[in-house]
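*Asks:* here are the coordinates; sequence isn't available:
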């Protein structure tokens, strides 16, 4: 899957996890930009991403993410293994 | 294989338009409850459950009418994070006909919340309190070599749970206590020896669970068997150490929808919403093949044939359900003769005609037939489960009769029984001998129905039944059944007041409250308890009929007249001059809208929400007049001016 594919799937995922209909998924997007993106929602987001891409992240990997760009890099790393 | 459970495979998959459909419900006023239930009747993931819960919470908070969902307030105490779980409970409850409000205790504040009289939990006045504790809350420790310490640990853990229960019973006595069984982590100290040695966590968890189960039986608490659930899906998947470390979540997030459905089923069972009838299709469901094409020799139900064995497993499952009181019915697109043939003549059939309470073999559409089965059994469509291998038939019944539960079936018949069982339609919170005998009553009811068509008129028919009624006040022996009827009865129920076991006990003890349990026998056997009445003295010489419910099994037999006579006899004995009663419509008890009218009460007023109030002034010879109405004149001929 290329980056464009990952972005598309992430858009759907964000739509499922958050109540916002139109969250624009950009590399710089982070928790401070989205209402309701607290630590528990972050856990839910990670669980949803894990299920969508059929992979599992470690606590360390999850804890180190600063923004969506880094999340995409992490996903790419897992699905290209 | 555990996907049958973790993905709730008996439920259809959520539509791609789920988010949109849910959003469309935001402004809805009429029929919101029904739409929410319909949407909840899909397999939903945590995100979907959370979105649905938000809509339900908002609607409830805004005072929207969520009928037919029944309100239920559940307090939940936990030593772990509930944030992902509570919304799942609310949404899953809608699937089972309940508008759930959850009141959460503080994070890891279980003891304080249970024991302080002014805790948020006790102020909430909940219908039930769920102790959603996992094994970490028990303070268990492995103590290899130290048997005394192990014993002390077990006592301390059990004592702690009893103390928590005591807090609820003391400060929220009307709430039902719901406990969970505990799941030991898969990590062992020795291996197989963990189960044997009392000093290991595994063994101690076993011990706590054993004591818990003994207490549940004794105390009328309710158990969510989380241990059984975890065993079913595998404790190695159930326990997610990383998720505990990150979020203090008690089990893997993938099982949240499953867990929530299990709790929701029990809440629904507390409100009498568990299903009562299993309706089976025949071709490729109860046997392999098509009877019309393959004939008796060609259908597959032989032992020794793998396909045959698969279908026999479903038959065996159905028979066992029948032994615990679930009724079996058949709905098949075949001529009646073809459909009956295997039941009557195939040597390998386990199901026989005498096991089937209602049988439909014809070419009508299945929704019409299921409706007719419900009428014949005098049960609501929401008591029915319909099992059919054919997705087209399933779809038809789901769209025409949304109240009927229709599980998705797997492709492989070897898993049919497992999927139907996994769906938990027949969950129960109590089980009595009367429950076990229920199927027999309905089967003899169909023998009674045959009698009915032969009788010249209704009175002659009633005479042939040779009914004997017995009346008694509430007592300890009858209490479980009384409490069960009070909480389960929906159709023949005038006021649908629900009382806990403790409240029933209080009414029994209270000399100012008139209580009555009614039993009925006839030539076909003992019908068991068929009516419950509670009257309270609201003012001097006036009794209010607080509760009057009857079993639908005895509809049309004028038993209500006999019950009224008995009430009047007791009322007059203590100088009561007037009986007043209310009919509170609930959407399920339209059956009794004219109950008081038929008994010659006068309508006093019409109240909001279509409630009607009725009264009967007790003149001389009142009992004789009621008897006259019951026996010799059909209700339409009563001359009310004579009363």
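*Replies:* Nice, thanks for sending it over. The shown structure was predicted, so the numbers you read here are calculated from the model rather than taken from an experiment. Residues are numbered from 1 along each chain as shown, chains lettered A, B, ... in the order given.
*Asks:* For residue B:418, which three-state class applies?
*Replies:* helix (DSSP: H, G, I helix; E, B strand; the rest coil).
*Asks:* List phi and psi for residue B:278.
*Replies:* Dihedral angles of residue B:278 (phi, psi; degrees, to the nearest 10) stand at phi -110, psi 110.
*Asks:* can you check the one 3 residues further on too?
*Replies:* The phi/psi pair for residue B:281 (degrees, to the nearest 10) reads phi -70, psi 160.
*Asks:* What residue, apart from its backbone neighbours, is nearest it spatially?
*Replies:* Closest residue in space to residue B:281, ignoring its immediate chain neighbours: residue B:388 at 3.8 Å, by C-beta to C-beta, 6 or more residues apart in numbering or on different chains. The way it works is simple: take the backbone N, C-alpha and C, and place the C-beta from them, glycine included.
*Asks:* What sits closest to the closest residue to chain B within chain A if chain neighbours are left out?
*Replies:* Here chain A gets closest to chain B at one residue, residue A:16, 4.5 Å apart by C-beta to the nearest C-beta. Ranked by C-beta to C-beta, 6+ apart and with sequence neighbours excluded, the top spatial neighbour of residue A:16 is residue B:47, at 4.5 Å.
*Asks:* hang on, the earlier thing: the residue nearest to residue B:281: what's it in contact with?
*Replies:* Neighbouring residues of residue B:388 by C-beta atoms under 8 Å, 6 or more residues apart in numbering or on different chains: B:281, B:285, B:331, B:366, B:394, B:397, B:406, B:409.
*Asks:* related to what we said a few turns ago, helix or strand for the residue of chain A closest to chain B, which one?
*Replies:* helix A:3-17 (DSSP states H and E).
*Asks:* Count the residues that sit near residue B:238.
*Replies:* Residue B:238 sits with 25 neighbouring residues when counted by other C-beta atoms under 10 Å in any protein chain shown.
*Asks:* Report the buried residues of the helix holding residue A:16.
*Replies:* Neighbour-count burial for helix A:3-17, with 16 or more other C-beta atoms under 10 Å in any protein chain shown as criterion, is recorded at A:6, A:9-10, A:13-17.
*Asks:* will you turn those into TSV that also has distance to residue B:544 and pLDDT?
*Replies:* Below are those laid out as TSV (distance: C-beta to C-beta, whole Å; pLDDT from 0 to 100):
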residue	distance to residue B:544	pLDDT
A:6	67	90
A:9	62	91
A:10	62	92
A:13	57	93
A:14	57	93
A:15	54	90
A:16	52	91
A:17	52	93
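*Asks:* Distance to residue B:362 added to those, as TSV?
*Replies:* Shown next, in TSV, are those (distance: C-beta to C-beta, whole Å):
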residue	distance to residue B:362
A:6	55
A:9	50
A:10	54
A:13	49
A:14	52
A:15	48
A:16	45
A:17	50
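*Asks:* Now flag whichever of the residues you listed is closest to residue B:564.
*Replies:* For these, the minimum distance to residue B:564 (C-beta to C-beta) is 57.5 Å, reached by residue A:16.
*Asks:* Wait, that closest one touches residue B:19, no?
*Replies:* Yes - using C-beta atoms under 8 Å, residue A:16 is in contact with residue B:19, at 7.2 Å.
*Asks:* which neighbours do the two share?
*Replies:* Common contacts of residue A:16 and residue B:19, defined by C-beta under 8 Å, 6+ apart, comprise residue B:48.
*Asks:* tell me the SS of the residue of the stretch 501-643 of chain B found nearest chain A?
*Replies:* Proximity of the stretch 501-643 of chain B to chain A (C-beta to the nearest C-beta) peaks at residue B:587, 31.2 Å away. Look at residue B:587: counting by three-state DSSP, its state is coil.
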